[in-house]
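Engineer: Predicted model and sequence follow; I will ask about them next.
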Amino acid sequence: MSQSQETLSNLLQETRRFDPPAELAEAANVKADAYDEAAADRLGFWERQADRLTWAKRWDTVLDWNNPPFAKWFVGGELNVAYNCVDRHVEAGKGAKVAFHWEGEPEGDTRTLTYADLQREVNKAANALLELGVRKGDRVAIYMPMIPELPVAMLACARIGATHSVVFGGFSADALKTRIEDAQAKIVITADGGYRRGKASALKPTVDEAAAAVDCVEHVLVVRRTGEEVAEHERDVWWHDIVDRQSDEHTAEPHDAEHPLYILYTSGTTGKPKGILHTTGGYLTQVAYTHHAVFDLKPETDVYWCSADIGWVTGHSYIVYGPLANGATSVMYEGTPDTPHRGRWWEIIQKYKVSIFYTAPTAIRTFMKWGDDIPARFDLSSLRVLGSVGEPINPEAYVWYREHIGASKTPVVDTWWQTETGAVMISPLPGVTAGKPGAAMKPLPGIVADVVDDQAQGVPNGGGGFLVVKEPWPSMLRTIWGDDERYVKTYWSRFEGLYFAGDGAKKDDDGDLWLLGRVDDVMLVSGHNISTTEVESALVSHPKVAEAAVVGATDPVTGQAIVAFVIPRGSAGEEVEGEEFIKELRDHVSKTLGPIAKPRQIMIVPELPKTRSGKIMRRLLRDVAENRSIGDVTTLADSTVMDLISEKLPSAK
Ligand code: ATP
Ligand code: MG
């Protein structure tokens, strides 16, 4: 955001409201009084949430903030994460309860893991890691498809106190190598491959290449998933050779509340990924609480499904640690949403009677593009809460999600958080909040966040600026792995004593929060700071638009001018090229947001550049809009997308 401008313009007016269903509100896990309870005694509130967990030794001090921004939560406490996620449920007589309904991509390839199964598998894997020489404090890299051995491997690490670093299975050998090296991982756990888009997709060759390029890796532990042939090296050990013959008993020893649980690299939308460090007690406390509060999880009756990949923080916190700490029954799916057909996800919801579903706006917009008739063919009546994460959700996408997936009755919780925050920070509560499409609403109980101007002053209602967190929270990152200085500089230096998230936001007239995208992406047009999110949402609200990405390009007259890239919706395809459609869209934005937001240029494109976690990479589009050669595309999900877009350029208007 520019120096001269203090606030973000607030252009989009959205007046639709959705009250929580009465029945849900009545029986909700968390009611409105939680906000007051937490405000009256924030640390006491978090202590009560920590009591959801089983501690081997109780903490002496809830928060040590004597050396900010280096926080210690539940100081002196000891617990074991794997014990909390698995064993204690078995001890409570719930061994036969399903932890995961696992669905492979090839149809009919399914596995069911109860909590008792999970306990045996985790214990065997923990014993195998010990046999391979892994000790408490060692780092273990994990590069796996979405198969049950992935959460098993993570829990086995947590059990013995090894710090895992999960690297998304779509990353290149070079990206994997950098992450292995940065964490100095001793072991890499992988598989021969996984299934994606109807085919076996190899992982092992990538690991071979990465492991050969570093000198820290002693063993590569390989799960056989696809059965495809793999090159064998001396450092390789098959999972079935070593894990299967281990004892299924292992005594979990407690670890310090601040023991490093995992390192996870951010998704790299804005630059070089950072190795975010999360620790044990505070992290598990907040993921368990938020999963209980935000999704209203009733572990005895709900079937919960988060469609993220475990390679991202959403999968860590809301497929593995939060749901398991709460004793939930979850669905886990290996493949892509369009294999073998575009209704696969809805078929899975119908099959397992999923009641809580958590996905990303990029997926929702894709389903809108594919057409309403696809979800309409399935029975989705079991759903009662829907969640969204990863990007701001455009109001039109929210309303579509609620209507076509949620039968116009389910609350939609738009959850704002980051790899760094470890758990959800800002979100509606499904039994409390009258939802506004596109708004993340309020900080959760126990979280203190605000929108400030460039002088760190809170903006009034109706204003916009920088999102900050004002008080430490239990699941906050503790540092960037190996780089305390970068931790301080990146998050704690923009505003004295405040955590700077890097995102823009506005407060509406009721004081509710709306996320406006990265502050790096904000456009300065004729002296107005305009967020990409608002212009994109205005475009997506046009019935013929499926997806839109907007950037600011240097302009001699206005400073920056708005350039939009638009994917047309469903059958709109052919008839939408051309002058007239583009004029219609420009006028539509002008009418929705005001003439200041009217794009100078709109390009109709077949795809948008996205990271592997599905976020739009605007910096590459800015290169296109400013006629520069295109920058680093290595974190793109599909590097050919930029060629597709460039081919379209001559038709640019
Ligand atoms: P990097 O920090 O390396 O650029 P990244 O920020 O994309 O990568 P993540 O931690 O996965 O990596 O993403 C967090 C970001 O995603 C947030 O800072 C925010 O910009 C965006 N985000 C997540 N959830 C929401 C949401 N509900 N509403 C708006 N934005 C969201
Ligand atoms: Mg980030």
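Structural biologist: Perfect, thanks for sending it. Ligands and ions are numbered 1, 2, ... in the order given.
Engineer: show me where the stretch 451-600 of the chain has strands.
Structural biologist: Taking DSSP state E, counting those that start in this stretch as the criterion, the stretch 451-600 of the chain carries its strands at 464-469, 479-480, 499-507, 513-518, 523-525, 528-530, 545-555, 559-568.
Engineer: got it, and the stretch 1-150 of the chain?
Structural biologist: For the stretch 1-150 of the chain, strands defined by DSSP E, counting those that start in this stretch occupy the ranges 61-67, 70-75, 78-79, 98-103, 110-114, 139-143.
Engineer: Redo these as a markdown table? Include mean neighbour count and distance to Pro323.
Structural biologist: All C-beta spots, glycine's among them, are computed from the backbone N, C-alpha and C. Compiled in a markdown table, these are given as follows (neighbours: other Cβ atoms under 10 Å; distance: least, Cβ to Cβ, whole Å):
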| stretch | mean neighbour count | distance to Pro323 |
| --- | --- | --- |
| strand 61-67 | 14 | 25 |
| strand 70-75 | 22 | 21 |
| strand 78-79 | 22 | 18 |
| strand 98-103 | 22 | 8 |
| strand 110-114 | 15 | 13 |
| strand 139-143 | 26 | 18 |
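Engineer: Of all those strands, which one is nearest ligand 1?
Structural biologist: strand 139-143 (17.3 Å; Cβ to the nearest ligand atom).
Engineer: Outside of that closest one itself, which residues are in contact with it?
Structural biologist: Residues outside strand 139-143 that contact it (Cβ atoms under 8 Å, 6 or more residues apart in numbering) are 129, 134, 150, 153-154, 157, 162-167, 169, 171, 176, 179-180, 183-190, 203, 206-207, 217, 263.
Engineer: and that strand, which strands flank it?
Structural biologist: Strand 139-143 has the following sheet partners, assigned by DSSP bridges: strand 163-166 (parallel), strand 187-191 (parallel).
Engineer: Can I get it as CSV, trimmed to CA atoms?
Structural biologist: Once non-C-alpha atoms are left out, strand 139-143 reads as follows in CSV (Å, rounded to 0.1, in the frame of the first residue of the first chain):
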residue,chain,number,x,y,z
ARG,A,139,13.4,-33.6,11.7
VAL,A,140,11.5,-36.0,9.4
ALA,A,141,10.4,-34.8,5.9
ILE,A,142,7.2,-36.3,4.7
TYR,A,143,6.3,-36.3,0.9
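Engineer: ok now that strand, how far from the chain's centre?
Structural biologist: Put simply, strand 139-143 sits 19 Å off its chain's centre (Cα atoms, centre = their mean, to the nearest Å).
Engineer: average model confidence for that strand?
Structural biologist: Across strand 139-143, pLDDT averages out at 98.
Engineer: Quick one: neighbours of the residue in the stretch 501-650 of the chain that ligand 1 sits nearest to, just the number.
Structural biologist: Ligand 1 sits closest to Leu515 of the stretch 501-650 of the chain, with a gap of 3.5 Å, by Cβ to the nearest ligand atom. Number of residues near Leu515 (other Cβ atoms under 10 Å) recorded here: 23.
Engineer: Which residues of the chain lie near ligand 1?
Structural biologist: Proximity of the chain to ligand 1 is confined to 266-271, 273, 312-313, 389-392, 414-419, 440, 501-503, 515, 518, 613, 615 under the rule Cβ under 6 Å from any ligand atom.
Engineer: Poorly predicted segments of the chain, please.
Structural biologist: Within the chain, the ranges that satisfy pLDDT under 70 run 1-6, 270-271, 570-577, 648-653.
Engineer: picking up where we left off before, quick one: which of the strands of the stretch 1-150 of the chain is nearest Trp370?
Structural biologist: strand 98-103 (20.0 Å; Cβ to Cβ).
Engineer: List the neighbouring strands of that closest one plus their orientation.
Structural biologist: Paired neighbours of strand 98-103 in the sheet (DSSP bridges): strand 110-114 (antiparallel), strand 329-333 (parallel).
Engineer: then the first one to CSV, C-alphas only?
Structural biologist: The C-alpha coordinates for strand 110-114 follow below in CSV (Å, rounded to 0.1, in the frame of the first residue of the first chain):
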residue,chain,number,x,y,z
THR,A,110,-11.4,-47.6,0.3
ARG,A,111,-10.1,-48.2,3.8
THR,A,112,-11.7,-47.6,7.2
LEU,A,113,-9.5,-46.8,10.1
THR,A,114,-11.0,-46.9,13.6
